[in-house]
Structures are given as C-alpha cells and as structure tokens.
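Peer 1: Predicted model follows, preceded by the sequence.
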Amino acid sequence: MFEIDPENIESLSWSLGNRVTTDDDASREFTLEYRGSNREITAFAVTEYTTVLRLRTPVGREKFYGVANDDIDDRPATGNWIHTA
C-alpha cells in the first residue's frame with residue numbers, strides 16, 4: 001500500500017497523535033478502508049512537511065505514525081484497500 005522505508009516512520013504516542021489530528025490546523029487528506037473488516041487508515045496533513053497516519057483496528061484501537069509528506073505517494077489503493085474519503 002505505502003512503500004515507505006520503515007526507518008522513515010515515527011511511531012507516536014496515542015495522546016500526541018490524537019491531539020495533532022484533532023487540532024484545527026490538521027486536515028484530513030484521505031481514508032482507506034480494508035474490505036471485510038473495520039480496519040482503516042486516515043492521513044492528516046499536520047504541517048507543511050509532515051503527515052500523521054492513524055490506523056484504527058476493528059475493535060477501535062488507534063495507533064499513530066508520523067511520516068514525511070514526500071514519502072506518501074498518490075497511487076490508488078490496491079488489493080483489499082479502498083478509498084472512502
């Protein structure tokens with residue numbers, strides 16, 4: 001789905017990820033859902049250079065990851081992932 005070098009992904013605490021993605025300056029860029037489950041990934045532009053990805057599991061747990069905007073590509077979703085927003 002995303003071809004990002006794992007060394008370029010920064011795991012964020014839940015409190016930090018939640019705070020920056022609900023801030024007025026954060027804008028939702030896209031959401032991908034996994035067919036057959038309630039998993040989803042939502043991307044938020046939080047600065048000029050940084051995107052935060054929120055991974056939501058089927059039971060509602062959230063994990064947040066910071067990545068450089070340049071590492072997010074504009075290719076369409078593949079496999080069982082579909083764009084929903």
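Peer 2: Received, thanks.

Peer 1: State the pLDDT value of Ile82.
Peer 2: Per-residue confidence (pLDDT) for Ile82: 83.

Peer 1: I'd guessed it sits against Thr31; true?
Peer 2: No - in this structure, Ile82 is not within contact of Thr31 by Cβ atoms under 8 Å, at 9.6 Å. In short, each C-beta sits where N, CA and C put it, glycine included.

Peer 1: residues touching the closest residue to Thr57 other than its chain neighbours, list them.
Peer 2: For Thr57, ignoring the flanking residues on the chain, the nearest one in space by Cβ to Cβ, 6 or more residues apart in numbering is Arg39 at 6.2 Å. The contact partners of Arg39, taken as Cβ atoms under 8 Å, 6 or more residues apart in numbering, are Glu33, Leu55, Arg56, Thr57, Pro58.

Peer 1: And for Thr84?
Peer 2: Contacts for Thr84 (Cβ under 8 Å, 6+ apart) come out as Thr31, Leu32, Glu33, Glu40.
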